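S.K.: sequence below, structure please.
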Amino acid sequence: MEKITKEVYLKWYEDMLFWRKFEDKLAAVYIQQKVRGFLHLYNGQEAVLAGSLHAMDLSKDKMITAYRNHVQPIGMGVDPKRVMAELYGKATGTSQGLGGSMHIFAPDKGFYGGHGIVGGQIPLGAGLAFADKYFKREAVTLCYMGDGAVRQGSLHETFNMAMNWKLPVVFICENNGYAMGTSVERTANHTDIWKLGQGYEMPCGPVDGMNPVKVAEAVSEAIERARRGDGPTFLEMKTYRYRGHSMSDAQKYRTKDEVAEYKKIDPITQVKDIILEKKYATEDEIAEMDKRVKALVKECEKFAEESPYPEKNVMYDTVYEQEDYPFLPHKL
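M.R.: Residues are numbered from 1 along each chain as shown. Prediction:
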């Protein structure tokens, strides 16, 4: 793993702050019905992404995740203006406005979704890793899932195959404590999710998912193992989301005090404190970074607002391969 320098801390702060503010803007425009459907926000979990990106080789490694997936492609190098446009359903979006919030996709940047089916991305992540091993590409896939998805049978089938074939994949459970509104304690007779890897003799362990340094160290070790040909790892990132499961979540399953306690270890605040403590930047320099972040969020919003909606025929051309398909609505 590359050393965690002053530049890394400054990048982490600006990146994580931008991801947070980007999604805060999405929440605001969702209430205005400019973004529709479901909206699952990542607020509080940013350290998992920041630390993972530091450990990855973005020239060849891949990432696949569930539907809480707006900031990951930005971290992988996708223009955030295109991500916001996708959420607006605009033609300039990553999937021409046809994917929306839960299906951001950018394979040219190594990002393979954005999947709305709970646990559906887990076997796909192993599939990406299988392809890399088959074609000897020396790439590693990071496959993320929530704590609810680990109860899916597909995880166990995938773990078995991944270990059997020693696939270059790192499975990462972002355990934010609740599967929608159901606490981990109510879904199984154990709360240490990482121990599921032990049944397959897969290297596994818990990680402080609120600290990007701890994440970077654990993911780096797992990536190195995979790149050596020693197979997969299963990491449980213990993290927390400050907003509800989605925008329609009333959050009656937890207290405001609980959320406030976790805000005391906010990853953005942790990184900012280190920057100030080590004199990597002054308060004025941090204020300048804050201004840049706000300006970029405004730029993204303006781009999305002003972009056109896709033509209707784009939807049909994307879904139907057969040009003379007889059951299209406009042909009936």
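S.K.: C-alpha only now, for contacts and for neighbours.
M.R.: Will do.
S.K.: name the helices or strands packed onto the particular helix or strand that has Ile268 in it?
M.R.: Ile268 belongs to helix 267-277 when assigned by DSSP states H and E. Packing contacts for helix 267-277, counted by 3 or more C-alpha pairs under 8 Å, 6 or more residues apart in numbering; DSSP states H and E, involve helix 6-31, helix 46-55.
S.K.: surely Pro267 meets Leu49?
M.R.: No. Using C-alpha atoms under 8 Å, Pro267 is not in contact with Leu49; the gap is 10.9 Å.
S.K.: which one's more surrounded, these two?
M.R.: Pro267 (27 against 21; other C-alpha atoms under 10 Å).
S.K.: which residue packs closest to the more buried one, ignoring adjacent ones?
M.R.: Closest residue to Pro267 apart from its sequence neighbours, by C-alpha to C-alpha, 6 or more residues apart in numbering: Met210 at 5.2 Å.
S.K.: so which residues of the protein form strands?
M.R.: Assigned by DSSP state E, the chain shows strands spanning 62-64, 141-146, 169-175, 178-179, 182-183, 204-208, 233-238.
S.K.: right, so of those strands, which gets closest to Ile193?
M.R.: Closest to Ile193 of the strands of the chain, according to C-alpha to C-alpha: strand 233-238, at 6.5 Å.
S.K.: ok, and what's touching that closest one?
M.R.: Here strand 233-238 makes contact (C-alpha atoms under 8 Å, 6 or more residues apart in numbering) with 48, 169-177, 193-194, 197, 202-210, 215, 218, 222, 226.
S.K.: kindly report the same for stretch 108-116.
M.R.: Outside stretch 108-116, the residues touching it (C-alpha under 8 Å, 6+ apart) are 58, 60-69, 72-73, 76-78, 102-106, 121.
S.K.: start to end distance for it?
M.R.: One end of stretch 108-116 to the other measures 21 Å (C-alpha to C-alpha, to the nearest Å).
S.K.: how about it, which residues are buried there?
M.R.: Going by neighbour count (16 or more other C-alpha atoms under 10 Å), the buried part of stretch 108-116 is 109-116.
S.K.: any stretches of this protein with poor pLDDT?
M.R.: Low-confidence segments of the chain, defined by pLDDT under 70: 328-332.
S.K.: now the helices for it?
M.R.: Ranges of helices in the chain, per DSSP state H, are 6-31, 46-55, 71-75, 80-87, 121-134, 153-164, 212-228, 256-263, 267-277, 283-306, 312-319.
S.K.: deepest-packed of these, please.
M.R.: A comparison of the helices of the chain by mean neighbour count, using mean count of other C-alpha atoms under 10 Å, puts helix 80-87 on top with a mean of 27.
S.K.: kindly format the C-alpha coordinates of that helix as PDB.
M.R.: Provided in PDB are the C-alpha atoms of helix 80-87 (Å, rounded to 0.1, in the frame of the first residue of the first chain):
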ATOM      1  CA  PRO A  80     -19.900  13.700 -11.100                       C
ATOM      2  CA  LYS A  81     -22.000  15.800 -13.500                       C
ATOM      3  CA  ARG A  82     -22.900  12.700 -15.400                       C
ATOM      4  CA  VAL A  83     -23.800  10.800 -12.200                       C
ATOM      5  CA  MET A  84     -26.200  13.600 -11.100                       C
ATOM      6  CA  ALA A  85     -27.700  13.800 -14.600                       C
ATOM      7  CA  GLU A  86     -28.400  10.000 -14.400                       C
ATOM      8  CA  LEU A  87     -30.300  10.500 -11.200                       C
END
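S.K.: can you name every helix or strand that it contacts?
M.R.: Secondary-structure packing of helix 80-87 (3+ C-alpha pairs under 8 Å, 6+ apart): helix 71-75, helix 283-306.
S.K.: Val259: which of those helices is closest?
M.R.: Counting by C-alpha to C-alpha, Val259 lies closest to helix 71-75 out of the helices and strands packed on helix 80-87; the figure is 21.5 Å.
S.K.: hmm, who's touching that closest one?
M.R.: Contacts with helix 71-75, where a contact means C-alpha under 8 Å, 6+ apart, come from 15, 19, 42, 49-50, 53, 80, 83, 104-106, 109, 111.
S.K.: now the residues you listed as TSV including distance to Leu235?
M.R.: Shown next, in TSV, are the contacts of helix 71-75 (distance: C-alpha to C-alpha, whole Å):
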residue	distance to Leu235
Asp15	23
Trp19	23
Tyr42	18
Leu49	13
Ala50	15
Leu53	15
Pro80	28
Val83	28
Ile104	24
Phe105	24
Ala106	24
Lys109	24
Phe111	20
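S.K.: closest one of these to Ala27?
M.R.: Among those, and counting by C-alpha to C-alpha, the member closest to Ala27 is Tyr42, at 11.2 Å.
S.K.: any idea how far Leu167 is from the closest one?
M.R.: From Tyr42 to Leu167 the distance is 28 Å (C-alpha to C-alpha).
S.K.: report the distance from stretch 143-163 to the chain centre.
M.R.: From the chain centre to the centre of stretch 143-163 is a distance of 16 Å (C-alpha atoms, centre = their mean, to the nearest Å).
S.K.: ah, wrong one, I meant stretch 63-73
M.R.: With C-alpha atoms, centre = their mean, you get 3 Å for stretch 63-73.
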